[in-house]
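Enquirer: give me a 3D structure for the following:
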Amino acid sequence: MMLKEVCSIKMGQSPASDSYNDNGEGIPFFQGNADFGERYPVARQWCSAPIKMAEPEDILISVRAPIGALNYAKEECCIGRGLAALTPNKSKISPEFMFWLLKGKTAELNSKGTGSTFKAISRKVLEEILVPDIGIDQQAEYSAILEKINGIIQLRKQELQKLDELIKSRFIEMFGDPMTNPYNLPKVILGSVLTIEPQNGLYKPQSDYVSDGTGVPILRIDSFYEGKVSNLSSLRRLICSEIELKRYSLYENDIVINRVNSIEYLGKCGLIQGLVENTIFESNMMRLHVDEHKFHPVYITKLLCSEFIYQQILRRAKKAVNQASINQKDVQSFVVYMPPIEQQDQFAAFVKQTDKSKAVIQKSLDETQTLFDCLMQKYFG
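Expert: As a prediction, this is how the structure comes out:
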């Protein structure tokens, strides 16, 4: 069946701007995906003269970039042109089944988006979504299975988040808040404790990238976050010369720092550990190496990820349109705290043990996600 055969579809329309308010007058007004919460949207604006309305428990779907995000309407609300409201015919389709169906169609819907600046989908695209022609009881069975597996996935993610929070708490417990330095740790300039000074990475055109497994892996800024490189085995690869390989190869316990990006990601850093082959780094980051007799790489990386360092970055950043930058001298001038190396070693040992627990949970998460994806494919094609 087509979606239009099992539900009514209402495309959003933005009311007059003078009817918006943020003091609760009228009914909640949701313009798009930015208003979505985990299950229900979060009211930030209200409207006194709504045009298009959604009813409680309607499924709200984002029809403009990003296309396909979903929430349930918690109450009667006004919807703008970034959303559509779907009211299922409960004699033909259960709301839960339709929710998971639409979740499974996100990639398909995005592929049908049109528009040069912001892609969007039309009513016709929604109407023609194919729905498996199965009974309500089977729909309920499928929905219950997906709900349960998704619940396990969310729990695993929460466990990983809690372990990350545990590491941050342990850092504060051992070294204090870097913003206030309550333990009066000695300060040094980062440049004075480096064995390899900051060096920018290699620029290569897209034509040098390969997808046949040959070449050399290259670390890019989307491959690390919060001090951790996500997966060295999944890096893109490219062709480079022996001279380039020698100059731009990463080494164990190097630290890379993002030097050009939007201001909120400027200075993002990652610790290089677990290299299995020669790996180089991209031009929009720089790499450095600390004296490991004075700093444990795990400790200094965590410090470099702190608000204390980010505030130093903001004071040094050179701002341009949509991006900012820092240079090697900026990084060398960072003020850092140097606790006793034995204390740093203790913290690194704690992080290592916690990372082992995270690896077990991540493996379970990956397996559960694979099961979920397979079932979504089986149920919805």
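Enquirer: could you find the closest non-adjacent residue to the residue of the chain positioned farthest from its centre?
Expert: Taking C-alpha atoms, centre = their mean, the residue of the chain most remote from its mean C-alpha position is residue 91, at 38.3 Å. Nearest residue to residue 91, sequence neighbours excluded (C-beta to C-beta, 6 or more residues apart in numbering): residue 136, at 7.9 Å. Every C-beta, even on glycine, is put in place using the N, C-alpha and C of the backbone.
Enquirer: what does residue 8 give?
Expert: Spatial nearest neighbour of residue 8, excluding adjacent residues (C-beta to C-beta, 6+ apart): residue 87 at 4.6 Å.
Enquirer: let me see the ranges of the helices in the stretch 1-150 of the chain.
Expert: 95-104, 106-111, 123-127, 136-175 (DSSP state H, counting those that start in this stretch).
Enquirer: nearest to residue 18, out of those helices?
Expert: helix 123-127 (27.3 Å; C-beta to C-beta).
Enquirer: any weak-confidence spans in the stretch 201-350 of the chain?
Expert: Of all residues in the stretch 201-350 of the chain, none has pLDDT under 70.
Enquirer: what's the burial count for residue 86?
Expert: Using other C-beta atoms under 10 Å, residue 86 has 24 other residues around it.
Enquirer: what pLDDT does the closest residue to it other than its chain neighbours get?
Expert: Nearest non-adjacent residue to residue 86, counting by C-beta to C-beta, 6+ apart: residue 59, 4.4 Å away. As predicted, residue 59 sits at a pLDDT of 97.
Enquirer: now do the one 10 residues further on
Expert: You'll see residue 69 listed with a pLDDT of 95.
Enquirer: for it, grab the count of nearby residues.
Expert: Using other C-beta under 10 Å, residue 69 has 19 other residues around it.
Enquirer: from what I can see it touches residue 36, true?
Expert: Yes. Counting by C-beta atoms under 8 Å, residue 36 is a contact partner of residue 69 at 5.7 Å.
Enquirer: before we move on, the earlier item: any chance of the helices of the stretch 1-150 of the chain in CSV, with distance to residue 49, mean pLDDT and mean neighbour count too?
Expert: Formatted as CSV, the helices of the stretch 1-150 of the chain follow (distance: least, C-beta to C-beta, whole Å; pLDDT from 0 to 100; neighbours: other C-beta atoms under 10 Å):
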stretch, distance to residue 49, mean pLDDT, mean neighbour count
helix 95-104, 29, 96, 21
helix 106-111, 30, 93, 14
helix 123-127, 23, 96, 15
helix 136-175, 37, 97, 15
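Enquirer: those: which one's closest to residue 345?
Expert: helix 136-175 (11.1 Å).
Enquirer: any idea how far the closest one is from the chain center?
Expert: On the basis of C-alpha atoms, centre = their mean, to the nearest Å, helix 136-175 sits 15 Å off its chain's mean C-alpha point.
Enquirer: same thing with stretch 368-378?
Expert: Remark: stretch 368-378 is offset 21 Å from the chain centroid, using C-alpha atoms, centre = their mean.
Enquirer: which residues sit against it?
Expert: For stretch 368-378, contacts defined as C-beta atoms under 8 Å, 6 or more residues apart in numbering pick out 100, 103-104, 142, 145-146, 149-150, 152-153, 156.
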